[in-house]
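Colleague: need a 3D model of the sequence below.
(3 chains)
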Amino acid sequence: MRKTTTQLDQTDQTGLNPAQLEAVKAPMGPVLVLAGAGSGKTRCLTIRIVYLIHKLKIRPEEILAVTFTNKAAGEMKTRVAKLLGQRSGLRPMMGTFHSIGVKILRQEREKVGLTSNFVIFDDNDQESLLKEILSKLKIDPTKLKPALFQRIIDRAKNNLEEPEDIDDNDNYDRKFKDTARLVYQEYQDQLLKHNAVDFGDLIMMPVKIFQNHPETLSKYQEQWKYILVDEYQDTNHAQYVFTKLLASKYKNLFVVGDDAQAIYGFRGANLQNILDFEKDYPKAQIIRLEQNYRSTSPILAVAQKVIELNPRQHQKKLWTENREGNIPTLFRADDEMAEAWFVAKQIIDHQDGPSNELQYVPDEDTDILSRIMRHSRMKILPKLRNRKGLNNVAVLYRTHAQSRALEEIMIESSIPYQIVGGLKFYERKEIKDVLAYLRLLVNTNDLISLKRVINLPPRGVGPKTFELLKDALLEKKEKKLAEVFEARPQIRSFFEILDSIGNIEEEATILDIIKSVLKFTGYESFLRDGTEEGESRFENIQELFNVAASFSKLPWKEGIGRFLEEVALMTNIDELDENSDKVTLMTLHQAKGLEFDIVFLVGLEEGLLPHSRSMIEANDVAEEIRLAYVGVTRAKKQLYLVYAMSRKQFGTRNLSVPSRILKAIPEELYEVYESEF
DNA sequence: CTTCCTGCCGTTTTT
DNA sequence: CGGCAGGAAG
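Modeller: Next comes the predicted model:
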């Protein structure tokens, strides 16, 4: 016991201030911690978990902690384990709403008509399914696009509403409302037939189960008596109801968030959830954390001006004791290449010291076209020599498309970099093909996967044959199926191959199975067609083995199930490797919760940040401002603000206007970087 | 059914 | 500029 106390005291002494300590030790009941950027809110939440276990002697398995990403959950798990020491036994449940939703669904699947080994459909699967439904219902997909229905379905599930109230599209008319309902219904039916769920279902279905089965809700209320939620400002309505139901019995709900950092409105996040916390829980304790431990005061001064563009939400003013610090730098680039060039030059200067090699000799003529053309002569970049410590540097942008120019220059100047997101590993064709084979293996109802792989390698199955096959399978008509097999013997052997793989003894590992699939289906030889590209695609699959290997201790069927689940719920940010010495390139959304010594915030232009699509509604612009605020507050020591006077998009060059966000920052808060290039 | 080519359309942000 | 859907030819 003595040791326990000492450990917690040590925890307390590692720099928690009185306000943070108040949060960690808040009495049981509803608690809202309103915490500014860089105030250590996630840390408070983590330490509170340890406090509950150590000081209050709460059993770890009675604690549920919800994080925003799997990566955050992983970090929290590591930290909690470390703080708890070598204690054996159970751990608190930590994960995202989605990963927790899956766990509940696995337990309660029969209540919503799912059977074991159901699969999770991602956006692409969703789109394929919707396309089929639209053609079946004779809806013109050029007029009412599958993407529109995806939005409707998402919104309905996020808000736990009927799918009818979408009005943000010029296609809207009276008939459309009925169509939306019809498509939604058919879509849900089809999902069930495929033994599949989508992302929205992972939250919505557990909520429905809780609502329809009080005894089940009660079971989970008893299981998790202590609930903690991080990034509460980004919860949507379904997640809010999910939390509220679970917490309604014991009301030991501890939520942490910052309304100034709410950036997921487009995904259904409802800022009102955090603003109304006091209304929902009248006895709630509100704790404010306003001291910032991350950034220096010149950076915070900029952040403050940015967020002041928005009307006041919760009153909060950040402050820091880090008075010293470099003043942020503003750079006006001619175009996106010059912007990237500036980033690279700053990194090289920082790592290797300022270099004269870099001097650019300007032309005499100063007209805009000549300046625009200059980047063609900027390619004289030295190579980076000192590659240590690059993981402290991040380049943040609004859209993935902006990464291209940056990437080019990074390669040219030998700056190691990692791009988070964009073309995801798991979105590559060959990877998705292999995953589809695996999905089919554990869930023969997954016709979307069947469609994907039945003709890989070509087995003479086109759309027509596939329709016949699908009908035969759906209606379970042996005779029809026999006919199809008769016409296309290759289909029969395809199923025979899958069958024989499916009958491999239980002790086989997931790796054996993947190898068998690659070999016996002929996919491997199909992929390795002798071209260099084929070989590199095959290498990607090799990489998949590394991930799958961590499931090789399980019986293969279970291993594949877990593997597929992990892959489906994996996010870009989970792939981020902080220990590799590389500059990180990512979107502002992905940067949430992270921090870097040096941050470049690029593309500060009207139309990009705030994004043109956001300017239709004032509310959406407010979210863009918060996004900029998130970006600025990622910087610990040095902040660069960059914009380009012209930018190429869709192959044509456009002149751009500096962002209103820049205009909101008084000139004395930054220094302008002057250069001839 | 497969392959190859043309032309069109598009880019917010993601669990 | 680039990805991909859809059409024509083999």
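
Colleague: so which residues make contact with the helix or strand harbouring A:Asp620?
Modeller: According to DSSP states H and E, A:Asp620 maps onto helix A:618-632. Contacts to helix A:618-632, defined as C-beta atoms under 8 Å, 6 or more residues apart in numbering, come from residues A:37, A:260-263, A:265-266, A:299, A:302-303, A:306-307, A:309-311, A:396, A:398, A:588-589, A:591-592, A:599, A:601, A:604, A:609-611, A:613-615, A:639, A:659, A:661. (Each C-beta comes from the backbone N, C-alpha and C, glycine too.)

Colleague: what does stretch A:537-549 give?
Modeller: By C-beta under 8 Å, 6+ apart, stretch A:537-549 touches A:425, A:428-431, A:434, A:510-511, A:514, A:518, A:524, A:527-528, A:559, A:563, A:566-567.

Colleague: tell me which of the contacts of helix A:618-632 fall in helices.
Modeller: A:Ile299, A:Val302, A:Ala303, A:Val306, A:Ile307, A:Leu588, A:His589, A:Ala591, A:Ile661 (DSSP state H).

Colleague: would you map the helices across the stretch 251-400 of chain A?
Modeller: Using DSSP state H, counting those that start in this stretch, the helices assigned to the stretch 251-400 of chain A run over residues A:272-275, A:277-280, A:297-307, A:336-352, A:368-373.

Colleague: contact partners for whichever residue of chain A sits closest to DNA strand B?
Modeller: Per C-beta to the nearest atom of the strand, A:Gly462 is where chain A lies closest to DNA strand B, at 1.9 Å. Residues near A:Gly462 by C-beta under 8 Å, 6+ apart: A:Asn455.

Colleague: torsion angles phi and psi at it?
Modeller: Backbone geometry at A:Gly462, expressed as degrees, to the nearest 10, gives phi -100, psi -170.

Colleague: and it, what pLDDT?
Modeller: As predicted, A:Gly462 sits at a pLDDT of 79.

Colleague: so how far is the helix holding A:Asp620 from its chain's centroid?
Modeller: 18 Å (C-alpha atoms, centre = their mean, to the nearest Å).

Colleague: ok, longest helix in chain A?
Modeller: Determined from DSSP H, the single longest helix within chain A is helix A:174-193.

Colleague: spell out which parts of chain A neighbour DNA strand C.
Modeller: Residues of chain A lying close to DNA strand C (C-beta under 7 Å from any atom of the strand) are A:Pro141, A:Phe650, A:Gly651.

Colleague: hmm, back to that, could you export the helices of the stretch 251-400 of chain A to TSV, including columns for mean pLDDT?
Modeller: As requested, these are arranged in TSV below (pLDDT from 0 to 100):
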stretch	mean pLDDT
helix A:272-275	86
helix A:277-280	88
helix A:297-307	93
helix A:336-352	89
helix A:368-373	52
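
Colleague: would CSV of the ones you listed with distance to DNA strand B be doable?
Modeller: What follows is these, written out as CSV (distance: least, C-beta to the nearest atom of the strand, whole Å):
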stretch, distance to DNA strand B
helix A:272-275, 15
helix A:277-280, 21
helix A:297-307, 17
helix A:336-352, 11
helix A:368-373, 18
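
Colleague: nearest to A:Tyr250, of those helices?
Modeller: A:Tyr250 lies closest, by C-beta to C-beta, to one member of those: helix A:277-280, at 15.1 Å.

Colleague: got the buried residues for the closest one?
Modeller: Within helix A:277-280, the residues scored as buried using 16 or more other C-beta atoms under 10 Å are A:Phe277.

Colleague: how far does that helix sit from the chain's center?
Modeller: Worked out by C-alpha atoms, centre = their mean, helix A:277-280 lies 28 Å from the chain centre.

Colleague: kindly report the same for stretch A:152-163.
Modeller: When distances are taken as C-alpha atoms, centre = their mean, stretch A:152-163 is centred 20 Å away from the chain's centroid.

Colleague: cool, and stretch A:529-536?
Modeller: Computed by C-alpha atoms, centre = their mean, the separation of stretch A:529-536 from the middle of its chain amounts to 31 Å.

Colleague: which residues are in contact with that stretch?
Modeller: With C-beta under 8 Å, 6+ apart, stretch A:529-536 has contacts from A:Leu527, A:Arg528.

Colleague: give me the buried positions along it.
Modeller: For stretch A:529-536, the neighbour count (16+ other C-beta under 10 Å) marks no residue as buried.

Colleague: just stretch A:613-629 next, same as before
Modeller: Quick answer for stretch A:613-629 (16+ other C-beta under 10 Å): A:Ser614, A:Val621, A:Ala622, A:Glu623, A:Glu624, A:Ile625, A:Arg626, A:Leu627, A:Ala628, A:Tyr629.

Colleague: contacts only, for the first one.
Modeller: The neighbours of A:Ser614, taking C-beta under 8 Å, 6+ apart as the test, are A:Asp620, A:Val621, A:Glu623, A:Glu624.

Colleague: may I see the buried residues of stretch A:125-135?
Modeller: Those would be A:Asp125, A:Gln126, A:Glu127, A:Ser128, A:Leu129, A:Leu130, A:Glu132, A:Ile133, A:Leu134, for stretch A:125-135 by 16+ other C-beta under 10 Å.

Colleague: quick check: the last one vs A:Asp123, distance?
Modeller: Note on A:Leu134: its distance to A:Asp123, by C-beta to C-beta, to the nearest Å, is 16 Å.

Colleague: same check on the fifth one?
Modeller: A:Leu129 is 11 Å from A:Asp123, where distance means C-beta to C-beta.

Colleague: pLDDT score for A:His611?
Modeller: Reported pLDDT for A:His611: 91.

Colleague: to clarify, my last question referred to A:Leu498.
Modeller: For A:Leu498, pLDDT reads 88.

Colleague: so it makes contact with A:Leu440?
Modeller: Yes. Contact criterion C-beta atoms under 8 Å: A:Leu498 and A:Leu440 qualify, at 6.7 Å.

Colleague: please say which of those two ends up with more neighbours.
Modeller: A:Leu440 (23 against 19; other C-beta atoms under 10 Å).

Colleague: check which helix or strand covers that one.
Modeller: A:Leu440 belongs to helix A:429-442 when assigned by DSSP H and E.

Colleague: counting by contacts, list what that helix packs against.
Modeller: Counting contacts by 3 or more C-beta pairs under 8 Å, 6 or more residues apart in numbering; DSSP states H and E, helix A:429-442 packs against helix A:447-453, helix A:489-502, helix A:510-520, helix A:523-527, helix A:532-549, helix A:556-569.

Colleague: could you see whether DNA strand B lies near it?
Modeller: No. Using C-beta under 7 Å from any atom of the strand, helix A:429-442 stays clear of DNA strand B, with a minimum separation of 13.7 Å.

Colleague: can you list contacts of that helix?
Modeller: Taking C-beta under 8 Å, 6+ apart as the rule, helix A:429-442 contacts A:117, A:119, A:124, A:425-426, A:446, A:448-450, A:452-453, A:456, A:498, A:501-502, A:513-514, A:517-518, A:521, A:523, A:527, A:537-538, A:540-541, A:544, A:557, A:560-561, A:563-564, A:567.

Colleague: look up phi and psi at the residue sitting nearest the centre point of chain A.
Modeller: Ranked by distance to the mean C-alpha position of chain A (C-alpha atoms, centre = their mean), the top residue is A:Thr571 at 4.5 Å. Here is the backbone geometry of A:Thr571 (degrees, to the nearest 10): phi -120, psi 170.

Colleague: show me the contacts for it.
Modeller: Applying C-beta under 8 Å, 6+ apart to A:Thr571 gives the contacts A:Thr69, A:Asn70, A:Lys71.
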